[in-house]
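Engineer: Quick one, fold the following:
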Amino acid sequence: MNLESLFRPSARTDIPQINPGDTVSVKFRISEAGRERSQIFHGIVIRKRPASFTVRQIFQGVGVERTFSLNSPLLEEVKVLQHGRVRRAKLYYLRGLSGRKTRAKIRAK
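Structural biologist: Sure, this is the predicted structure:
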């Protein structure tokens, strides 16, 4: 056992393969007023990095983005609801769109 392997975070195996354009449901723990509860964030993945991913959802007409760390202990579950077919790695252009234009085409398996 070397020193580098002790400090490198181990990759989680319970998280499915996600790509930009996928519609995901992320369940994570948040703490409010000394209590912990689970919350679900449902949206489209607009950015994927080696250690994190960013999900965007529209809530009451306002765009909300949240970045999740892949190795966070607060991350409980990630479900891929549908795979999107996109041509870009970063979907920042969705910030300027609204309504049905923000939907990604569904990728056939």
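Engineer: Now do the buried residues in stretch 65-78.
Structural biologist: For stretch 65-78, a neighbour-count test (16 or more other CB atoms under 10 Å) marks Phe68, Leu70, Leu75, Val78 as buried. (Glycine included, C-beta is placed from N, CA and C.)
Engineer: Please apply the same query to stretch 96-103.
Structural biologist: Neighbour-count burial for stretch 96-103, counted by 16+ other CB under 10 Å, picks out Thr102.
Engineer: So Arg100 belongs to a strand, correct?
Structural biologist: No - Arg100 is assigned helix when assessed by DSSP: H, G, I helix; E, B strand; the rest coil, not a strand.
Engineer: any chance you could map the helices in the chain?
Structural biologist: Secondary structure of the chain (DSSP state H): helices at 3-7.
Engineer: pull the longest strand from the protein.
Structural biologist: Longest strand of the chain, by residue count under DSSP state E: strand 35-48.
Engineer: re earlier: so which pair among the buried residues of stretch 65-78 is furthest apart in space?
Structural biologist: Using CB to CB, the two most remote members of the buried residues of stretch 65-78 are Leu70 and Val78, lying 8.9 Å apart.
Engineer: quick revisit: could you list which of the buried residues of stretch 65-78 belong to strands?
Structural biologist: Phe68, Leu75, Val78.
Engineer: if we can go back for a sec, from the chain's centroid, how far away is the longest strand of the chain?
Structural biologist: Strand 35-48 sits 6 Å away from the centroid of its parent chain (CA atoms, centre = their mean, to the nearest Å).
Engineer: May I see the buried residues of that strand?
Structural biologist: By 16+ other CB under 10 Å, the buried positions in strand 35-48 come out as Phe41, Gly43, Ile44, Val45, Ile46, Arg47, Lys48.
Engineer: Could I get the contacting residues of the closest residue to Val86 other than its chain neighbours?
Structural biologist: Nearest residue to Val86, sequence neighbours excluded (CB to CB, 6 or more residues apart in numbering): Gly21, at 3.6 Å. By CB atoms under 8 Å, 6 or more residues apart in numbering, Gly21 lies in contact with Ile44, Val45, His83, Gly84, Arg85, Val86, Leu91, Ala104, Arg107.
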